[in-house]
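Enquirer: Provided below are the primary sequence and the corresponding predicted coordinates.
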Amino acid sequence: SLGAVVGILVASTQPLWRLVAVVSFYIIVLNVEPHILVPRIMARVVGMSPLLTLVALLTGIKLMGILGGLLAVPVAAALQVIVQEILQELNPPDSPHGPAPGVEVAAPGTAGSEDRVAHAQPTTVRR
């Protein structure tokens, strides 16, 4: 915003259309950055949704000013991880090491398991 003031002061010495163009440019830039760019960048870097990032920033700024704005995204990301861990503990996923769905595994001591052991061929390495 300090750069905008300098740019507008310089443009005020130029023709009117340049002053209007510079003011319009700074209005667009100063609104696009915090409302579109920051949430998208934070979503990629931190892994949060842009909406959650925007809500966190607005809440942090409203509650604690500039310090709240600086701390809002890291705190929201930490809360997101904590909530995900709690939900994962409450609803554990199926075991990733188990058999694939529809595959039957023969228990030790059954006919299917002895067949595999009996037909196994020892391998030898020749040099």
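Expert: The structure has been received and is ready for your questions.
Enquirer: what sits against the nearest residue to residue 80 once chain neighbours are set aside?
Expert: Distances taken as C-beta to C-beta, 6 or more residues apart in numbering put residue 48 closest to residue 80, at 6.0 Å, once the chain neighbours are dropped. Backbone N, C-alpha and C define where each C-beta goes, glycine included. Residue 48 makes contact with 42, 56, 73, 76, 77, 80, according to C-beta atoms under 8 Å, 6 or more residues apart in numbering.
Enquirer: mind listing the strands for this structure?
Expert: Using DSSP state E, no strands are found in the chain.
Enquirer: and the residue nearest the centre of it?
Expert: residue 47 (0.9 Å; C-alpha atoms, centre = their mean).
Enquirer: do I have it right that it meets residue 78?
Expert: No - using C-beta atoms under 8 Å, residue 47 is not in contact with residue 78; the gap is 11.7 Å.
Enquirer: mind checking pLDDT for the residue nearest to residue 80?
Expert: According to the per-residue confidence, residue 48 scores 83 in pLDDT.
Enquirer: again, but for residue 91
Expert: Looking at residue 91, its pLDDT stands at 86.
Enquirer: quick one: it from residue 82, how far?
Expert: Between residue 91 and residue 82 the distance is 15 Å, computed by C-beta to C-beta, to the nearest Å.
Enquirer: with residue 35 instead?
Expert: For residue 35 relative to residue 82 (C-beta to C-beta), the value is 27 Å.
Enquirer: more neighbours: which of those two?
Expert: residue 35 (13 against 10; other C-beta atoms under 10 Å).
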